[in-house]
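Engineer: Take this sequence and fold it.
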Amino acid sequence: MLFASEAEAQAVTGTVTSAEGEPLIGVSITVPGQTGGTVTDLDGSYRLSVPPDETLVFSYTGYRRVEVAVNNRSQIDVTMETDVALLDEVVVVGYGTQRKEDLTGAVSVVNAEELTKQASNDVTQMLQGRVAGVSITSDGQPGAAPNVRIRGVSTFGLGAGAEPLYVVDGFPLAGGIRDINPNDIESIQILKDATSGAIYGNRAANGVVIITTKSGKRKTGFNVDFSAYAGRQTVPQRLPVLDRVGYQTISNELLTNGGQAAVPGNDPASPSFIDNIDTDWQDAGYKDGSIQNYNLGLTGGTELLNYFVSLDYLDNRGTLVGSGPDYKRYSARVNSEINLGKVRIGENIYAMRSDENPLFYNGAFTLFIPGGRPTLVNDLLQAIPTIPVEDPSREGGFGGADAVIHQSITLNVPGFNTLVTNSSKVNRLLANVYGELDLAKSLTFKTSLQYDNTDISDELFAPQYDLGYFFPRPLAELQVGDRSSNSFLVENTLTYKNVIGKHDLTVLAGQSFQEFNFRQFTAIGSGLEKPYIRSLSNASTFSVTDNQQPATLASFLGRVAYAYDDTYLLTFNIRRDGSSRFREEDRFAIFPSIGLGWKLHKTFALPETITSLKLRGGYGELGNQEIGNFRYQATINRAIPYEYSTGRVFGAATTILVDPAITWETRVTRSVGLDLELLDGQVEFTAEYYSNTSKDVLIDLPIPLSNGSLAGLTTNAGSIENSGIELSGNWRPTIGNVRLSIAPNFYTVKNKVLEIGTLDLISGAGSRTEVGEPIGQHYGWVYEGIFQSAQEIAEAPFQNANTAPGDIRFADLTGDGVVNDEDRQYLGSGMPTYYYGLNLVAEYRSFDFTVFGQGSGGNLINSNLYRGLMPTSGYTNWHEDILNRWTPTNTNTDIPRVVINDPNNNQRDSNRPGWLQSGDYFRINTVSLGYTFAGDLLRRANMQSARIYVTLQNVHTFAAYKGYNPDFQAGILNPGFDFGTFPRPKTTMLGVQLKF
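Structural biologist: Just a heads-up that it's a prediction; the model follows:
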């Protein structure tokens, strides 16, 4: 085929093959902006005439588009790779695979390639906003593990876990997947209902995330992939707090209003008045962080062997001055498989080492800082500006508040975070060895042996220091610990697959046994002397604790997947589980599910634009056994002192009463969905309605102390319902030379508590959980304005004997003339009621551009950070909003007066302006621009491809929230309470991806 005159064109020939080396038939080959072209023949060969300075475009359904510059060459051979976003023919489900079009359950597939455009230590953070039905909240500090919720919160969190089950290469992991290298991941599937997840039975109540790592391809030779990125991270927000003059003005005013003298350091008439220090704690406490990652992957395959080897290094340094937070990880992986025809033997081995300096010290605030303190971020912002960052006269060299001059409980965060060091070193080995044997044409046996071992060494050290009033440390202290956990899993499965006429049948039967062991040693020593040698042998006193926790799971599982005439679908799963976490009589449970599907396009004559249309639905049960071990056994203290006339003796007594019959939490799922494809797969759309009910939810019932128990009685007595809709789609149009992919998703969650046993409610931080309402609704008084005069106070319902003009007027909802506890009401949801995300990818010639954003809304946030900066009483610093407080000359305001001791309790839980803020937000998470090189330069370097890119992360958040992260991590019973999370950094990074 000619694209120009014979004088201008030259003949170009070549072959087009797949990554597996197979010839591709019918590949379209064109020149941008030109008509005509050609396609490959039965051998994958082609021939055409083209000008020497043009570019050839190779396109083929299910494969990534390839552009190659001719550059006077007469032969151009091309290897095309499958496009997961287009193909998605086969997806991984529990203990096997299924064609996507045959799925009857709620399974979402994530494009792993898109995740590599982000920088993160944890793959679950990369999933935020990408999957309908999955909410992810994370902290901004390096190494922080996110909270993942699939289709709402289904437990009260009083012992049972709320995180999904993670399965990596068939291995159900205990805990999250922070240790897994995201660059190793080939595919991610999320099982959201029992129809898809019941095969995992007892551990699937909160959903299942299946991760498959990369492997080599047969007959592909040796290939090298190298990728790297480096980036700078900054804290994008600076919250407006008061400078010295503003702070001293407000402090003096609140004391004057309370009839007290000014603090000496803030009193211009005092010789101790401070006018030469004005510390900006955000400038002093925040710094530029960094993130860098280097990954080397080796893949290849022969007729008998395929392999994948990777080496990875990640270094993420945080944005807070001091010893942390920082996170560093080294990892190596070897995946290989030997194919001997009817026998296949393989292994997946992953080794990882991480060094972490966490910010939020595990137990440090009780060990090294007195009192119940907020997070370090809150302390940083609340610190008063009249103390210096450094003070050589104090032990440790950092400034602190004076009990007389400042009278402020202010923590010097940069000083504390520099003096106190905290580290966790993790060594983890994850190994899986498997073998498959084809017993007959349709019958395959597989056995797997899997081992997961994690060893963690913790060290927390605080030298002697004096950080001022309330924060002295006269004794140096050291806490060291070792945590060791391992699990061993053996699984055997038998799979039968056969197609007989119009009947397509797959039957799976299997057995699984997993053993867990956990042991933790912790030793605390105090009284170390200078020069500090961090050894407990140098402590004057020390204590040691030892904790051991064994557990086992034993299971039988089965699945039947049946299709008639490629039109009617049936999937049946069943699993019988036994857990050592329950007594023998209640140890075993059965978890079944059934899913039905109907390919409507196979039955009805639909418009040609409709490629496929499938209706599906399912029902099933899932279990949750993620509670502490031995919770069904009473706790006996064998060292209870008893006083008799003859002296003291020690005896035993039950200190924690239990319900010995506690058993599984059970989640019943129901769903119906519609899957639609248009224009030969250019448009995909999925709509689904779900309704899930958790039964026998574990709660802690309060019991009288006279029973001798130091804790509540844990028992199965709760029930929670979650329901909603999920919508997701993908549109892949081509406009001229621009190829687009537009993938939105949207979903809702309606949460409702159906039962709390004998309790009427459960109280949280400014919230309540009550039957008939969502978990953790905000609860408090209703704001009605500001009192302007004594007459208004006298005519209003009684609030407090010391209420004065400038105080908040709260509503008397009962109408009894008194504002008291009975006048509180529900003030709004603490949980978002809807979530959404949008991923846009555009490709033009060698350029690619990505924008990804996500958000949520329908909730209110009770911000401990903002409320801590807006006290109407106290001595810490304030938010600039306090400058608009009520005064006799500033009465047109909704911010009450400032007065010591806050006699009207204006700071109580209420809906006063600022106390409950809108949680609605939209964040532009990622903006990425890349360029892929082609031509002679790559050929001379023996390279397949080379791409460079620049990426911005956490670009901007559109929100009214006056805190850092509107999608903060929260407790289950306090979903709307932001205790103070670390600010999510803005990242600017440059990266490169090379293929040899």
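
Engineer: Counting neighbours, what do you get for the closest residue to residue 886 other than its chain neighbours?
Structural biologist: Leaving aside its sequence neighbours, residue 886 sits nearest to residue 806 (C-beta to C-beta, 6 or more residues apart in numbering; 4.0 Å). For every residue, glycine as well, the C-beta is placed using N, CA and C. The tally of other residues near residue 806 (other C-beta atoms under 10 Å) stands at 24.

Engineer: so which helix or strand takes in residue 806?
Structural biologist: Under DSSP states H and E, no helix or strand contains residue 806.

Engineer: likewise residue 641?
Structural biologist: For residue 641, the host element (DSSP H and E) is strand 635-644.

Engineer: Can you spell out which helices and strands pack onto the following helix or strand past that strand?
Structural biologist: Using DSSP H and E, the helix or strand that follows strand 635-644 in sequence is strand 647-656. The criterion is 3 or more C-beta pairs under 8 Å, 6 or more residues apart in numbering; DSSP states H and E, and the helices and strands that strand 647-656 contacts are strand 635-644.

Engineer: partners of the strand it packs on, with directions?
Structural biologist: Next to strand 635-644 in the sheet, as set by DSSP bridges, lie strand 647-656 (antiparallel).

Engineer: How about the partner strand, which residues are buried there?
Structural biologist: For strand 647-656, the neighbour count (16 or more other C-beta atoms under 10 Å) marks residue 656 as buried.

Engineer: Tell me which other helices or strands the helix or strand that that strand is followed by touches.
Structural biologist: Note on strand 647-656: by DSSP H and E, the next helix or strand toward the C-terminus is strand 665-678. Secondary-structure packing of strand 665-678 (3+ C-beta pairs under 8 Å, 6+ apart): helix 194-197, strand 588-599, strand 610-624, strand 683-701.

Engineer: count of residues packed around the closest residue in space to residue 908 that isn't next to it in sequence?
Structural biologist: Nearest non-adjacent residue to residue 908, counting by C-beta to C-beta, 6+ apart: residue 781, 6.0 Å away. As a burial measure, residue 781 scores 25 neighbours (other C-beta under 10 Å).

Engineer: From residue 958, how far out is residue 781?
Structural biologist: 31 Å (C-beta to C-beta, to the nearest Å).

Engineer: now residue 527
Structural biologist: Distance from residue 527 to residue 958, by C-beta to C-beta: 53 Å.

Engineer: How about residue 236?
Structural biologist: According to C-beta to C-beta, residue 236 stands 13 Å off from residue 958.

Engineer: Pull the contacting residues for the residue positioned nearest the centre of the chain.
Structural biologist: Centroid-nearest residue in the chain, with C-alpha atoms, centre = their mean: residue 146, separated by 2.7 Å. By C-beta atoms under 8 Å, 6 or more residues apart in numbering, residue 146 lies in contact with 122, 124-125, 128, 136-139, 969.

Engineer: In the chain, spot the helix with the most residues.
Structural biologist: Ranked by residue count under DSSP state H, the longest helix found in the chain is helix 244-257.

Engineer: and after that one, which helix or strand comes next?
Structural biologist: The element immediately downstream of helix 244-257 (helix or strand, assigned by DSSP H and E) is helix 281-285.

Engineer: Next, the buried residues of that next one.
Structural biologist: Buried residues in helix 281-285, counting neighbours by 16+ other C-beta under 10 Å, are found at 281-282, 284-285.

Engineer: Determine which two of the residues you listed are furthest apart.
Structural biologist: Maximum pairwise distance in those, criterion C-beta to C-beta, is 7.3 Å, between 282 and 284.

Engineer: so which strand or helix has the closest residue to residue 849 other than its chain neighbours?
Structural biologist: Distances taken as C-beta to C-beta, 6+ apart put residue 842 closest to residue 849, at 4.6 Å, once the chain neighbours are dropped. Using DSSP H and E, residue 842 maps to strand 834-844.
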